[in-house]
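# 3D model of this:
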Amino acid sequence: MATAKAMVGQIPGLLSVDAGKAMEITRSFNRGYEWGLVLTFESPEVMPLYLEHPAHKPFVISKFLILHCEMWMPR
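I've put the predicted structure just below:
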């Protein structure tokens, strides 16, 4: 996951990347995925820039999959 964390500083507007091994749970929530990533952006407008950035491409063409994207904005 060091590769994922290395995207911070390479992709403008990407503030942090947290990664971890998927939890063993009884529900089918994790659907067999081994890792989870939480990315924090400075604004929702940065997301398209992230998706097109060359540093993001290895995650698209490898075993990683974007499963869910949720926008959360502090009040």
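# can we go C-alpha only for contacts and neighbour counts from here?
OK.
# Confidence-wise, which helix or strand of the protein is lowest on average?
When each helix and strand of the chain is scored by mean pLDDT, DSSP states H and E, helix 57-60 comes last, with a mean of 70.
# thought V46 was touching L39?
No. Between V46 and L39 there is no contact under CA atoms under 8 Å: 11.3 Å.
# In this structure, where's the longest helix?
Of all segments of type helix in the chain, defined using DSSP state H, the longest is helix 47-52.
# Not counting its own residues, what contacts that one?
Helix 47-52 has contacts (CA atoms under 8 Å, 6 or more residues apart in numbering) with I11, P12, L14, F41, H56, K57.
# quick one: the strands in this protein?
Along the chain, the segments classed as strands by DSSP state E run 14-21, 35-41.
# Which among the ones you listed is found nearest to K5?
Closest of the strands of the chain to K5 is strand 14-21, at 5.3 Å (criterion: CA to CA).
# Quick one: residues in contact with that closest one.
The contact list for strand 14-21, computed with CA under 8 Å, 6+ apart, reads 1, 4-5, 7-9, 34-42, 46, 50.
# What of stretch 6-13?
Stretch 6-13 is contacted by residues 14-17, 41-43, 46, 49-50, 53, 55-56 when judged by CA under 8 Å, 6+ apart.
# Give me the mean pLDDT for that stretch.
For stretch 6-13, mean pLDDT is 89.
# On the pLDDT front, check A2 for me.
pLDDT, read off for A2, is 68.
# want to throw the strands of the chain into a markdown table with mean neighbour count?
Shown next, in a markdown table, are these (neighbours: other CA atoms under 10 Å):
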| stretch | mean neighbour count |
| --- | --- |
| strand 14-21 | 14 |
| strand 35-41 | 16 |
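# Comparing those, which yields the minimum mean pLDDT?
Least confident of those, judged by mean pLDDT, is strand 35-41 with a mean of 82.
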